[in-house]
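Engineer: My questions concern the predicted model and sequence given below.
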Amino acid sequence: MSDTRQNIISKLQKDILLWEGFRPPSSDTAETFGLGPVEAAFPNGVFPTGAIHELLTEDISQAAASGGFVAALLSVLMRRGGACLWIGMAQTVFPPALKTFGVEPHRVIFVNVLHEKDVLWAMEEALKCTGLAAVIAEVRSMDFKQSRRLQLAVEQSRVTGFILLDAGQLGNTACTARWRITSLPSEPIDDLPGLGHPRWQVDLLRVRNGKPGSWVMEWADEKFISYTPALQQGILIQAG
């Protein structure tokens, strides 16, 4: 009897992870995001797709860093086709810059609306479209009810959603993961500053059934490179 009960509980736990966007390990390396230790922080060691991720932004610099990090993730999400919608009240992304992260600008549809309330409405409707690879929205605030509606939409379509959210308006949400992305100085090339690869401080602040943490990540040669801070030496050591 106890074995039967344990099997039922185990099956429910696996089902819940699937509903929340956490997929079981796969031998298909094309689905791996190459995030290294960051990916290992998620259940099953797999970056959750078909889920809603929120990225907190405190200023323009942090919003730009978050946009760059999301663009790098899009390069993986869009490998198998599909377009991406980027929704906001003003276009803050320079489309040709997306090529830096391996994303073709013509596959990203920018939607600019006049009112804040229309951003989340447009995102919810877009997330129901199974032909999309991802949907990104820039909003100042979002309540739990609104985030739950988005989560329910992706559970049906399996489209991945990213929300760039004003950290000053933060409340409880139903999002699968909460991130904070901060720009870091790049490594100079030929002793010339400002020409290096994009580098970020990546903080996974909250994740369902996972382990939050902090890492230094860089985007170079169309892939993520993770670094481990060596505080005593004052240097960064490439991790794997």
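Structural biologist: Okay, I see it.
Engineer: least trustworthy helix or strand in this protein by mean pLDDT?
Structural biologist: Lowest by mean pLDDT, DSSP states H and E among the helices and strands of the chain is strand 235-238, with a mean of 53.
Engineer: List the contacts of the helix or strand that residue 180 is a member of.
Structural biologist: Per DSSP states H and E, residue 180 falls inside strand 177-183. Contact partners of strand 177-183, identified using C-beta atoms under 8 Å, 6 or more residues apart in numbering, comprise 42, 48, 51, 53-56, 61-62, 64-66, 68-69, 167, 198-208, 210. The way it works is simple: take the backbone N, C-alpha and C, and place the C-beta from them, glycine included.
Engineer: Do you know the pLDDT at residue 170?
Structural biologist: For residue 170, the pLDDT comes out at 79.
Engineer: Flag the shaky bits of the protein, pLDDT-wise.
Structural biologist: 1-3, 5-32, 190-195, 228-240 (pLDDT under 70).
Engineer: The same query, at a cut-off of 50, please.
Structural biologist: Across the chain, the ranges flagged by pLDDT under 50 are 1, 26-30, 230-235.
Engineer: that older thread, which of the residues in the helix or strand that comes right after the strand holding residue 180 are classified as buried?
Structural biologist: Later in the chain than strand 177-183, the nearest helix or strand by DSSP H and E is strand 199-207. By 16 or more other C-beta atoms under 10 Å, the buried positions in strand 199-207 come out as 199, 200, 202, 203, 204, 207.
Engineer: what does stretch 97-108 give?
Structural biologist: Under the neighbour-count criterion of 16+ other C-beta under 10 Å, stretch 97-108 has 98, 101, 102, 103, 108 buried.
Engineer: Switch the residues you listed over to CSV; also include secondary structure and distance to residue 177.
Structural biologist: Shown next, in CSV, are these (DSSP: H, G, I helix; E, B strand; the rest coil; distance: C-beta to C-beta, whole Å):
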residue, secondary structure, distance to residue 177
98, helix, 22
101, helix, 20
102, coil, 22
103, coil, 21
108, strand, 22
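Engineer: Closest one to residue 218 out of these, please.
Structural biologist: residue 101 (12.0 Å; C-beta to C-beta).
Engineer: Report the contact partners of the nearest residue to the closest one once chain neighbours are set aside.
Structural biologist: Sequence neighbours aside, residue 71 is the residue nearest to residue 101 in space, at 4.1 Å (criterion: C-beta to C-beta, 6 or more residues apart in numbering). Residue 71 makes contacts with 93, 98, 100, 101, 103, as judged by C-beta under 8 Å, 6+ apart.
Engineer: Mind doing that once more with 7 Å?
Structural biologist: By C-beta atoms under 7 Å, 6 or more residues apart in numbering, the contact set of residue 71 is 98, 101, 103.
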